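Chemist: Predicted structure and sequence below. I'll ask about it afterward.
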Amino acid sequence: MAKVIFKKVNNCEECPYFFFRMEDQESWYQCGLTDKILVSTDDRQKYVEKHEERYPFNIPEWCPLEDEDIFTKAVGAVMKSV
């Protein structure tokens, strides 16, 4: 049976398409929907050491997921027309 997930995400770590990948000696965090690399583990570690905080994994501008406000407006318009 097919399943559908509607989930609000505030950063890539919360996204179901976010994953860690490792090949040979290299590793990185990747968007599984687009196959684009978000950050290498080395760059992430450098950020953590410099800022002394977790890497934020902010949603990039190229993210193909629908913006929450547009999605909410679309659902509202459909509900009013029913």
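Modeler: All right, it came through fine. Numbering: from 1, shown residues only.

Chemist: Mind pulling up the pLDDT for V82?
Modeler: As predicted, V82 sits at a pLDDT of 68.

Chemist: quick one: the lengthiest helix in the chain to chain centroid distance?
Modeler: The residue-count maximum for a helix in the chain (DSSP state H) belongs to helix 68-81. Distance of helix 68-81 from the chain centroid (CA atoms, centre = their mean, to the nearest Å) equals 22 Å.

Chemist: do the same with stretch 2-20
Modeler: Distance, stretch centre to chain centre, for stretch 2-20: 7 Å (CA atoms, centre = their mean).

Chemist: got the contact list for the longest helix of the chain?
Modeler: Contacts to helix 68-81, defined as CB atoms under 8 Å, 6 or more residues apart in numbering, come from residues K8. All C-beta spots, glycine's among them, are computed from the backbone N, C-alpha and C.

Chemist: Could you export it as PDB, CA atoms only?
Modeler: Only the C-alpha atoms of helix 68-81 are listed here, as PDB (Å, rounded to 0.1, in the frame of the first residue of the first chain):
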ATOM      1  CA  GLU A  68       5.100  25.900   3.800                       C
ATOM      2  CA  ASP A  69       3.100  29.100   3.200                       C
ATOM      3  CA  ILE A  70       2.400  28.200  -0.500                       C
ATOM      4  CA  PHE A  71       1.400  24.700   0.500                       C
ATOM      5  CA  THR A  72      -0.900  26.000   3.300                       C
ATOM      6  CA  LYS A  73      -2.600  28.500   0.900                       C
ATOM      7  CA  ALA A  74      -3.100  25.800  -1.700                       C
ATOM      8  CA  VAL A  75      -4.700  23.400   0.800                       C
ATOM      9  CA  GLY A  76      -6.900  26.200   2.200                       C
ATOM     10  CA  ALA A  77      -8.100  27.100  -1.400                       C
ATOM     11  CA  VAL A  78      -8.900  23.500  -2.100                       C
ATOM     12  CA  MET A  79     -10.800  23.100   1.200                       C
ATOM     13  CA  LYS A  80     -12.900  26.200   0.500                       C
ATOM     14  CA  SER A  81     -13.900  24.900  -2.900                       C
END
